[in-house]
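*Asks:* Provided below are the primary sequence and the corresponding predicted coordinates.
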Amino acid sequence: MTTTTLAVLVPLLPFLGAAAGLLLGRRIPGLVRPLAVLPTLTALVLAVLVAVRQGGDRPVDAATELTPTGSVPIELALHIDGFAALVAVLVGVVASCVQIYSTGYLRDDPRYPSYAALVSLFTSAMLLVVYSGDLMVLLVGWEIMGICSYFLVGHYWETPEARAASLKAFLVTKLGDVPFLIGLFALAADAGSFRVTTILATVADGGLDHPTLIALLLLAGVAGKSAQFPLHTWLPDAMAGPTPVSALIHAATMVAAGVYFVARLLPVFAASGAALVVLAVMAAVTMAGSALAALAQDDIKRVLAYSTIGQLGYMTGALAVGDRGAAVFHLLSHGAFKALLFLTAGVIIHAAGTNSLAAMSRMKGLRDRVPDAYWTMTVALLALAAIPPFSGFFSKEAVLGAAEHTATGHAASVPTAAGWIVLVAGLLTALLTAAYATRLWLLAFHGRGADAPDHGKQPLAMTAVLWVLAVPSLAFGTAVGVLPDWFDGRSLSPTLTTSVLGTGLAFGGALVTYGAWRHTTALAARVPMGAVAVSPDGDGGQVEAEAIASHAPAYGDVASAHDPADPGRLLLGPLHRHAAAGFRLDAVYAALFVRPVQAAARLVRFLDREVVETYVRGAGTAPRWLGTAVRRAQTGNVQTYLSALLAGTVVLAVAAVLVATAGA
Amino acid sequence: MHLHLAYPAVLAALLFCVGLYGVLARRNAILVLMSVELMLNAVNLNLVAFDVWLRDSLHAGQALTLFVIAIAAAEIGIGLAIVLAVYRNRGTSAVDALRDTAEPSAPDESQEAQEPDDSQEPQQSQQSPQSQKAEATA
């Protein structure tokens, strides 16, 4: 088979799997698991084959016109360069792991067939985004991911949190998608094509008339999809979905799509210095803010959600300094260790029966209950904190190195300011990232108090994939010498200055957090807290749904708990309250958008009920009154009728005579 | 020698007015029917008089008069039969007492105005004709 055929099959197989799963899933339950796992696994194998054949050489391009449009044509096009090939492999790996993990995690879930089909569809849409060489076709995948995330985040739609979160995820990403669509049209109008290759050629010739406008419009969509400030608020709430969905959304699909899109069209953004500075500021605010918020969260998955936002900030930071190699490198390594973090979090929630770190810090021996999760999560957290020699160290250093490269004025077309912004924010975030990773590790696995509940061994499907994902988290850094051949050719090796600075800050953050934990942990015994799920023997999904639903009643808030033993509380001081609430951005949105919209809705309802309906009712009432008045003449006395008839006749006759004589 | 047209015309007008008065003012149904006959005959008189006065060669007026007489005979037969039937049923043949077709008045309309939706309207015409009739005749 040619490389093109293989590449077409990669997004097609999960799509067919999804269609078959939706059609047959309820009738033939035995087919659901094979239909969920096998197409994704096959797509992974094919994606690896495509990557091997492409080998970082010339991009594979193929196109067939979809339909004549009269103006800018829309084509079913492939454009597979080194970025696309490697990101597709990542998507395949994570999606396969998630599908296998879900067979254990949602073992007893009655909605598993539709869930698995939607995950397959999600994977297929992401693969379409990755491989597509036509921006309109890319947009199709982009939007399918939006609707799939709506369904998957709302998987536990019995809980109000999940319903609200799914709506929020959909609306916030759509808010960014509207400018994104306009930006795509503007780009196509300037370049005369939706093809990536044509657009890049136009940009290279300097043929783009409005680069800043287009870049800023596209950035809005990217900010929505990749959860960058100020459109990141949907991501922490999206934790109301099942853990494997979080892993899928956070690691390989959805949020990666925005970063990948900018990486693919980086020359368009690089054509405008202003857009790069905006991107840099966005990345800096996102990284630092989300890292602070992560330090204050009580829900283990929300900590990871904010860390995803922060790591995505690193990627957009790398893009802002014009180094897409570093961005996609971090995307790949982050995809592996973040998927691992979420999947281990799922195991931990299942084992502990709670998603609250405050409750876990009062359990002894949780790590002995789930040794696989303990060791793999330790690896993933070390990668997240960018401790050498784990993969996160190399990719983060590539980003920081690129920022330093730009800040010292070595990059031609990129403003130095962008470099400084990203570098300073990146170093600050390295410190904070290590701090919250340490806090998570200490609270989850080094609790003191009663013994953790024992639910027996975790399913093999759930623990095996953890080790599969631990390998790239541990060793992906060794690829640092090979990757530049796949990307733009720029070296991704760590530079001495940023490595020493970044690692030093990370160790510093970890040590400070450890010290704070030693100081506060004595308080834990004094303030007993915690609630565990009511059905500890259910599957992971059921335990998690109960944990999410019980968090707000048990601790007063869905995100934080009033736990004096939390080292994050000590470290953040007065900031803790605001950080736990995501710096009140939701309240700002509520004041700026939600309340005006609700007030407008009330006004419209008032106008409809009181004004429009009054006219409608009046249109009915007036004839009725008229009829009533006329009906009074109907007395039933024939002689009265006749008298009226006579009177009428006389009047008519007189009138006729008068008219006749007047006319004569 | 011809009778002047004014005499039959005035006579017919008088007859018609008497009939009209009877139709509008008398209560007894039989007298009302008799008044109708008076009006018809006034018309007949006019037809014959004008027929002669216009010297119509086909005598259409006279022919029409014969028609009217025949149809009036049939009409009075049916009318009397109806009056007889009404009298047998109700014990009266007073025209102004026969008000079954009167529009039911006030109570229904106030009820209707209170109801915002129109779903119950068809029931209205079937409500208690007896009480309404009593009220209307009172």
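*Replies:* Good, I have the coordinates.
*Asks:* skipping adjacent residues, who's closest to A:G481 in space?
*Replies:* Sequence neighbours aside, A:S493 is the residue nearest to A:G481 in space, at 7.2 Å (criterion: C-beta to C-beta, 6 or more residues apart in numbering or on different chains). Bear in mind the C-beta positions are built from the backbone N, C-alpha and C, glycine included.
*Asks:* name the element that neighbour belongs to?
*Replies:* Under DSSP states H and E, no helix or strand contains A:S493.
*Asks:* spit out the contact partners of the residue nearest in space to the middle of chain B.
*Replies:* Closest residue to the average C-alpha location of chain B: B:V23 at 6.4 Å, with C-alpha atoms, centre = their mean. Counting by C-beta atoms under 8 Å, 6 or more residues apart in numbering or on different chains, B:V23 makes contact with A:639, A:642, B:32, B:35-36, B:39.
*Asks:* got it, and A:A434?
*Replies:* A:385-387, A:505-510, A:513.
*Asks:* show me what contacts the residue nearest to A:G481?
*Replies:* Counted by C-beta under 8 Å, 6+ apart, A:S493 has contacts A:398, A:401, A:480-481.
*Asks:* and what about the closest residue to A:F445 other than its chain neighbours, helix, strand or coil?
*Replies:* Leaving aside its sequence neighbours, A:F445 sits nearest to A:R367 (C-beta to C-beta, 6+ apart; 4.3 Å). Following DSSP: H, G, I helix; E, B strand; the rest coil, A:R367 is assigned to helix.
*Asks:* got it, and A:H232?
*Replies:* Strictly by three-state DSSP, A:H232 counts as coil.
*Asks:* which pLDDT does the model give it?
*Replies:* The confidence metric pLDDT takes the value 83 at A:H232.
*Asks:* stretch A:629-643 and chain B, any residue contact?
*Replies:* Yes. Judged by C-beta under 8 Å from any C-beta of the partner chain, stretch A:629-643 comes into contact with chain B at A:631-632, A:634-639, A:642-643.
*Asks:* not counting sequence-adjacent ones, nearest residue to A:L22?
*Replies:* A:A117 (4.5 Å).
*Asks:* okay, and the one you found sits in which element?
*Replies:* Here A:A117 is assigned to helix A:112-131, by DSSP H and E.
*Asks:* mind giving me the packing neighbours of that helix?
*Replies:* Packing partners of helix A:112-131 (3 or more C-beta pairs under 8 Å, 6 or more residues apart in numbering or on different chains; DSSP states H and E): helix A:3-24, helix A:32-54, strand A:74-80, helix A:82-105, helix A:135-153, helix A:255-264.
*Asks:* circling back: may I see the PyMOL selection of the buried members of the contacts of B:V23?
*Replies:* Of those, the buried ones go into a single PyMOL selection, burial set by 16 or more other C-beta atoms under 10 Å in any protein chain shown:
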select buried, (chain A and resi 639) or (chain B and resi 32+35+36+39)
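*Asks:* now, the contacts of B:V23 that are in helices?
*Replies:* A:639, A:642, B:32, B:35-36, B:39 (DSSP state H).
*Asks:* which parts of the stretch 301-450 of chain A are helices?
*Replies:* Using DSSP state H, counting those that start in this stretch, the helices of the stretch 301-450 of chain A run over A:324-352, A:357-360, A:366-369, A:371-384, A:391-407, A:416-445.
*Asks:* save those as CSV, and put in mean pLDDT too.
*Replies:* Formatted as CSV, the entries for those read as follows, by pLDDT from 0 to 100:
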stretch, mean pLDDT
helix A:324-352, 87
helix A:357-360, 79
helix A:366-369, 80
helix A:371-384, 87
helix A:391-407, 86
helix A:416-445, 87
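*Asks:* would you turn those into a markdown table with distance to A:D488?
*Replies:* Converted to a markdown table, the helices of the stretch 301-450 of chain A look like this (distance: least, C-beta to C-beta, whole Å):
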| stretch | distance to A:D488 |
| --- | --- |
| helix A:324-352 | 5 |
| helix A:357-360 | 41 |
| helix A:366-369 | 42 |
| helix A:371-384 | 24 |
| helix A:391-407 | 11 |
| helix A:416-445 | 17 |
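*Asks:* which residue is the nearest non-sequential neighbour of the one residue in the stretch 101-250 of chain A that gets nearest to chain B?
*Replies:* Using C-beta to the nearest C-beta, A:R163 is the residue of the stretch 101-250 of chain A that sits closest to chain B, at 33.8 Å. In space, and not counting its chain neighbours, A:R163 is closest to A:W157: 5.5 Å by C-beta to C-beta, 6+ apart.
*Asks:* check what pLDDT the one you found gets.
*Replies:* pLDDT, read off for A:W157, is 84.
*Asks:* where does it land in three-state SS?
*Replies:* Under three-state DSSP, the three-state class of A:W157 is coil.
*Asks:* ok so, going back, want to try CSV for the helices and strands packed on helix A:112-131, with mean pLDDT and mean neighbour count as columns?
*Replies:* Compiled in CSV, the helices and strands packed on helix A:112-131 are given as follows (pLDDT from 0 to 100; neighbours: other C-beta atoms under 10 Å in any protein chain shown):
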stretch, mean pLDDT, mean neighbour count
helix A:3-24, 86, 20
helix A:32-54, 86, 21
strand A:74-80, 84, 22
helix A:82-105, 88, 27
helix A:135-153, 89, 22
helix A:255-264, 88, 27
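*Asks:* report the buried members of the contacts of A:A434.
*Replies:* Neighbour counting with 16+ other C-beta under 10 Å marks A:385-387, A:505-506, A:509-510, A:513 as buried within the contacts of A:A434.
*Asks:* list the residues that contact B:M34.
*Replies:* B:G22.
*Asks:* do I have it right that the residue nearest to A:R163 meets A:A164?
*Replies:* No. Contact criterion C-beta atoms under 8 Å: A:W157 and A:A164 do not qualify, at 10.4 Å.
*Asks:* give me the residues contacting stretch A:469-477.
*Replies:* A:93-94, A:97, A:332-333, A:336-337, A:339-340, A:343, A:375-376, A:379-380, A:383, A:388-395.
*Asks:* low-confidence stretches in chain B?
*Replies:* Flagging of chain B using pLDDT under 70 yields the residue ranges B:1-2, B:105-138.
*Asks:* all helices for it, in order.
*Replies:* B:6-25, B:29-54, B:60-90, B:106-114, B:129-137.
*Asks:* among the ones you listed, show me which one is buried the most.
*Replies:* helix B:29-54 (a mean of 18; mean count of other C-beta atoms under 10 Å in any protein chain shown).
*Asks:* quick one: that helix to helix B:6-25, angle?
*Replies:* Comparing the axes of helix B:29-54 and helix B:6-25 via axes from the mean of the first three to the mean of the last three C-alpha atoms, to 10 degrees yields an angle of 160 degrees.
*Asks:* now do helix B:29-54 and helix B:60-90, the angle between them.
*Replies:* Using the same axes, to 10 degrees: helix B:29-54 against helix B:60-90 is 180 degrees.
*Asks:* go ahead and confirm A:L382 touches A:P389.
*Replies:* No. If you go by C-beta under 8 Å, A:L382 and A:P389 don't touch, sitting 9.4 Å apart.
*Asks:* ok, those two, which is more surrounded?
*Replies:* A:L382 (24 against 12; other C-beta atoms under 10 Å in any protein chain shown).
*Asks:* can you put the residues of stretch A:629-643 next to chain B in TSV and add pLDDT?
*Replies:* Shown next, in TSV, are the residues of stretch A:629-643 next to chain B (pLDDT from 0 to 100):
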residue	pLDDT
A:R631	84
A:R632	81
A:Q634	82
A:T635	82
A:G636	80
A:N637	83
A:V638	85
A:Q639	87
A:L642	89
A:S643	91
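*Asks:* closest to chain B among the residues you listed?
*Replies:* A:G636 (2.9 Å).
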